Structure formats: structure tokens, C-alpha cells
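Participant: Turn this into a structure:
(one chain, ligands or ions: 1)
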Amino acid sequence: MIATGYTDTFARDNLPPRELWPDMTPLLPALHYPERLNCAAALLDQMVAKGHGASPAIHSYKLSWTYAELLEKVDRIAHVLRASRGNGLGLEAGNRVLLRGANSPMMAACALAVLKAGCVLVPTMPLLRAKELSVAIDKAKVNAVLCCAALAEEMELARSQTGMAGPAVYFGEGGTLERMMEAQPSSFAAADTAADDVCIIGFTSGTTGVPKGTMHFHRDVLAICDCFPRSTLGSAASDVFIGTPPLAFTFGLGGLLLFPLRVGAAAVLLDRLTPDLLLKAIQDFRATICFTAPTFYRLMAPLVQDYDLTSLQKAVSAGEALPNATRTLWRESTGLEIIDGIGATEMLHIFISASGDAVRPGATGKAIPGYQACVLGPDGEALPPGEVGQLAVKGPTGCRYLDDARQQQYVRNGWNLTGDAYRMDQDGYFWYHARTDDMIISAGYNIAAPEVEEALMCHPAVAECAVVGWPDEERGQIVKAFVVLRPGHEAGAELARTLQEHVKQTVAPYKYPRAVEFLAALPRTQSGKLQRHVLRSAPLK
Ligand code: 3UK
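Facilitator: As a prediction, the model looks like this:
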């Protein structure tokens, strides 16, 4: 490893042993980076040096910042973090800074400032409660907090619960960070960090379990910018990126901050987005590239005729499997073919995808240039095309959990195992089946929950649905469907029978849901993922 630029080596000291790392050999020349690398300087200072200073970098409804203005904010915040005199926090290189807030220009500036200052960014979802924040504070041994003032109460609760000694600085209305920034110099020399110094600890709980801290290097941040956006998305300085995922979720961090900066484009950062508000914002900002989850596309589709979406050129979906019914609905209402992509917090961003003419509806896509993927059988052997098994992937990024025994489950023989059941076809396209723990076994039949959901979603009464295995004495499990109806349809035994009949007509009859329950909404994580375990364990009413 290259000599660290950190005096506080906590993150490097807590990387898994080298033999448990995935194989991260860069396969493309474009993915070799200099040994000394600060990703924030590469994304911001270098873009200003290349002449993007006066281009718009970030928009919200309240303000717009050019690249030069964003750079100045970032530099002032970096001083606040590192300066040991005046109102500076006196942090050391390698210290962890927890970041918390809804998407906003200040959130973006804070994230970049942490990286540029040579500290380690620990982003957290805005809706987390004190209990969950405490886990991140304890595990990542957080030294300081930057938090939106609106979320101060829960943040202070977490700080007192953990007995955290380090400072918390609040920004936005009622906060002090903006005033502290004014007292600091407007330019900051980027910390001299190694390309393989850890710069992000991203927490992920998947959909269950104790959160795991995934660690990523400065070079990983550039690698994701130089893979999916270049090979598959295609983006340029004229693009305006918009979308829903929080910056605390690496899907949002990449799609709404890192990717636009890498090409000199602009990002629109908005909190509290509903399907209607996102459509309105696409219209208002003339956005060209949208990042969101499948359910959002599904909910937006029937509303698009009320908005002018002529600026929109690309729509990226990730976070969950994209049902083909949703792909079709979106295409029919906008004329756009969704770019589906599977990513993971462990991998930092998307590694299998397809766009334009290369899209094969129903498949997620192919391994994107820079990544390799295959499907493994129960003994870890590569399966031939057509057979369903565990998805395995490797590329320039990969899983390095912070001090966590689950490293051995995610990484085997250099491959990252994402926990997804997939099948590869003759042409190298990957077809999603289910999370490996979401396969339903009913009377000896293997049934993938998403396939039944897909069939249900083709029925006009269904707005959203989720299918789980439900304990059953006779069959072990039965297929149970939870259904959210579109307005104007009435829940009841009659509609349940209609839906069951509809599934039998669409897929093999043994897969039909023997139980149907109607709900007002489905339980989701903050990153928009369905929480099947909540449905499995619950009488929800
Ligand atoms: C599932 C998908 C089918 C899959 C993520 C893009 O979702 C992200 O990260 P997470 O750690 O979850 C990873 C898991 O989510 N998944 C994501 N995308 C798809 N399944 N089709 C898809 N297109 O189970 C995966 O293992 O929350 C997504 C970029 C960055 C991310 N962190």
C-alpha cells in the first residue's frame, strides 16, 4: 500500500486482512490513478482549472452555485474542519466526520469539504433515529458531526447516548456553520492523501441486520465516475442531473454529485420529493438525466402528461429490480427506455447495466466495462448460461467492511457475492431472479417473489405490490401477496380472486398467491427498498 496521508490511521487499521479483500485489479487503463490522489480536488479544483469555474454546479429552488462558488464554500468548510485556531475544529487527517441532512447544496459542499480536508466521510440517512446514528458513531469512532440544523434534536440525543466527545456543527436555518465559514480563508490546499486512503465509510444494513460500514478509497470515488457514466450513461457538461436518492446513499452520492462534477455538469439537489414534485422539478430545471428507484418511475408514469418533460433524455433506475411492467409503462408515457443498473453500497455504485439499443427488457444488462460478473453454483463453481445461481462480481471497487466478520460471506476467492440470485444468458446479459433470501419454497416448488410481483403489476388495479413466503403447515410456505390498489378500486375478496386468477393466466399457476392482503402502502427503507422481512413478520394493521 501507498504511504498514508493520514495521521489518524483508524480506517486503514480496521480494513479486513488483505487476503479477504476482493480482487480490485483495474482492468482498464483509464482506471489507473496517481498514487497521491484527493478525489475532491480531482472533482472540483481540477474542473475549475480546466475552465468550468463559471459553469453551474449545483441548483436548488433557493440558490445556484457555479463551480467556483462551490469550490469556495468547500474550501471554507475544509478550514473549519482542520483549523486549530479561531473557530476551527482542529480535526486531524484521517478523522471521521459524520454528515447528516436531506439533499441540499450545503450537504454537497460539506461532503466534498470532508474529503478535501483529508477526513473520512460517514454519510447518514436523514431519517435515521438516535439508536441507528449511535451505531455509526460507535463503529466508525466518529470525531465530529456536520448536520442540518433541522435534525439537531435527534443528533444531540445520539451524541449523548454514545458519550461522543467530538463537536457537532449545524448548518442551515438556526445553525452556525455558515458564520464560522465566513471567518475562514476562501481557499484551502487539498490534503495530500494516498489513492488508497479510505475516504468514505458508508453504512448499509441491506434490508435487515446490524449495519455494516463499507470502506472506499479516494481512487474508488473516481473509478465509479469513470465506469458507468462513461460506458453506459453517457453524460456531458451540458447535462443537468436530478433525482431522489439521498446523498447518504451511494446511489445518490454518485448520481447526484460525483458523476455530474466529473464531467462539468450541474446537479439539482432537492429534499422531500414526491412523484409530482420530481416531475415539476424536471420541468423547472430542464433536467436531462434522472436517477431514482423503480417505484418512483411507476408512480410518476400516470402523471407525466401534466408536465413538460421535453428536456429529459435519460432515466436511470437502481436500488431494486425494475419490473418489466414499470419499464413498459414509463416508455409508453415518456418515450424513454429506462437504464436499469444494479449497484450495491459494498461496490459503491452500478456494475451491471445497459442503455439505448443494448437494453434487453427484463434483463438488468451486462457487466459494464471495468467489471466482470458471473453466476456461481452452490459449491462456488461458475454455472453455464441459463442456470440460476449467486451473482458474483469484481472490478475496481469492492467490499471492505469496517471490522466485520461478514466480510467472509460477501467476498469469496476475490469475488463479491451480492446476495442476489441471477441467471446469465448466452450473450452475457444478467437476468434478476430474487434476493437469495427471497426465494419462496412452496410444496417443493422454487418461486422467485419478483416474478409473481411482476405478474400482479400487469393488472390495472395494482399500484404496487410485494410478495413473500408465508408459513404454512401443509406446504411449508405459501405465496402471499400484499397489494396497494390504484385509486378507484375496492379491496375485498372479489378483487383478491380476480388478482389470483390474473396471476394464474400470466405465469405458471402454481405460483399464484394463495393469500392476498390489501395495504395502504408498502414498508420501505429510506433508500426506497421494499422491506420484505417486515411483511413476513407482521400482522401490519
Ligand atoms: C439490490 C437491485 C435488481 C440488489 C445501490 C445503485 O441499491 C444499492 O445499494 P444497496 O447496498 O443494495 C444492494 C442490493 O440492492 N439492487 C440494487 N439495484 C438493483 N436488484 N436490480 C437492480 N437494478 O439486491 C443489490 O444486491 O442499498 C444501487 C448504486 C449504488 C447503490 N448503493
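Participant: hey, C-alpha coordinates of the lengthiest helix in the chain in PDB?
Facilitator: If you go by DSSP state H, the chain has its longest helix at helix 67-82. Listed next in PDB are the C-alpha coordinates belonging to helix 67-82 (Å, rounded to 0.1, in the frame of the first residue of the first chain):
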ATOM      1  CA  TYR A  67     -18.100  25.500  -9.800                       C
ATOM      2  CA  ALA A  68     -16.000  28.500  -8.500                       C
ATOM      3  CA  GLU A  69     -18.700  29.300  -5.900                       C
ATOM      4  CA  LEU A  70     -19.000  25.700  -4.800                       C
ATOM      5  CA  LEU A  71     -15.200  25.400  -4.500                       C
ATOM      6  CA  GLU A  72     -15.100  28.500  -2.200                       C
ATOM      7  CA  LYS A  73     -17.700  27.000   0.100                       C
ATOM      8  CA  VAL A  74     -15.900  23.700   0.200                       C
ATOM      9  CA  ASP A  75     -12.600  25.300   1.000                       C
ATOM     10  CA  ARG A  76     -14.100  27.400   3.800                       C
ATOM     11  CA  ILE A  77     -15.700  24.300   5.300                       C
ATOM     12  CA  ALA A  78     -12.400  22.400   5.000                       C
ATOM     13  CA  HIS A  79     -10.800  25.200   7.000                       C
ATOM     14  CA  VAL A  80     -13.500  25.000   9.700                       C
ATOM     15  CA  LEU A  81     -12.800  21.200  10.000                       C
ATOM     16  CA  ARG A  82      -9.000  21.400  10.100                       C
END
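Participant: Buried residues of it, list them for me.
Facilitator: Using 16 or more other C-beta atoms under 10 Å as the test for burial, helix 67-82 gives 67, 69-82. Quick note: C-beta positions are derived from backbone N, CA and C, even for glycine.
Participant: cool, and stretch 337-351?
Facilitator: 337-351.
Participant: one step back: ok, the buried residues of helix 67-82 vs residue 320, which is closest?
Facilitator: Taking C-beta to C-beta as the measure, residue 70 is the one of the buried residues of helix 67-82 closest to residue 320, at 31.4 Å.
Participant: Would you mind listing what in the chain touches the ligand?
Facilitator: For the chain, the residues in contact with the ligand (C-beta under 6 Å from any ligand atom) are 204, 250-251, 318-322, 340-345, 349-350, 364, 418-420, 432, 435, 527.
Participant: Which ones among the residues you listed lie within helices?
Facilitator: Judged by DSSP H, the subset of the residues of the chain next to the ligand located in helices is 250, 251.
Participant: Can you give me the pLDDT of residue 207?
Facilitator: Per-residue pLDDT puts residue 207 at 58.
Participant: so what's the residue nearest to residue 11 when sequence neighbours are not counted up against?
Facilitator: Leaving aside its sequence neighbours, residue 11 sits nearest to residue 198 (C-beta to C-beta, 6 or more residues apart in numbering; 3.7 Å). For residue 198, the contact set (C-beta atoms under 8 Å, 6 or more residues apart in numbering) comprises 11, 12, 15, 120, 215, 216, 217.
Participant: Rebuild those residues as CSV, extending it with distance to residue 331.
Facilitator: Shown next, in CSV, are these (distance: C-beta to C-beta, whole Å):
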residue, distance to residue 331
11, 44
12, 47
15, 43
120, 42
215, 38
216, 34
217, 38
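Participant: Pick out whichever of the residues you listed sits closest to the ligand.
Facilitator: Ranked by distance to the ligand (C-beta to the nearest ligand atom), the contacts of residue 198 are led by residue 216 at 10.9 Å.
Participant: Give the bridge partners for that closest one, please.
Facilitator: Residue 216 has these beta-bridge partners by DSSP bridges: residue 200.
Participant: what ranges do the strands span in the stretch 201-350 of the chain?
Facilitator: Secondary structure of the stretch 201-350 of the chain by DSSP state E, counting those that start in this stretch: the strands cover 212-217, 240-243, 266-268, 289-292, 314-317, 339-343, 350-353.
Participant: Make a markdown table out of the ones you listed and add distance to residue 384.
Facilitator: Below are the strands of the stretch 201-350 of the chain laid out as a markdown table (distance: least, C-beta to C-beta, whole Å):
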| stretch | distance to residue 384 |
| --- | --- |
| strand 212-217 | 31 |
| strand 240-243 | 37 |
| strand 266-268 | 43 |
| strand 289-292 | 34 |
| strand 314-317 | 29 |
| strand 339-343 | 21 |
| strand 350-353 | 18 |
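Participant: which residues of this structure score low on pLDDT?
Facilitator: Across the chain, residues meeting the criterion (pLDDT under 70) sit at 206-209, 538-541.
Participant: Quick check: the residue of the stretch 251-400 of the chain nearest the ligand.
Facilitator: Closest point on the stretch 251-400 of the chain to the ligand, by C-beta to the nearest ligand atom, is residue 343, at 2.4 Å.
Participant: I'd say that residue and residue 364 touch.
Facilitator: No - assessed by C-beta atoms under 8 Å, residue 343 is found out of contact with residue 364, at 10.3 Å.
Participant: and the residue of the stretch 51-200 of the chain nearest the ligand?
Facilitator: Using C-beta to the nearest ligand atom, residue 125 is the residue of the stretch 51-200 of the chain that sits closest to the ligand, at 10.8 Å.
Participant: Thought residue 247 was touching that residue, still the case?
Facilitator: No - Residue 125 lies out of contact with residue 247 (C-beta under 8 Å); the separation is 9.7 Å.
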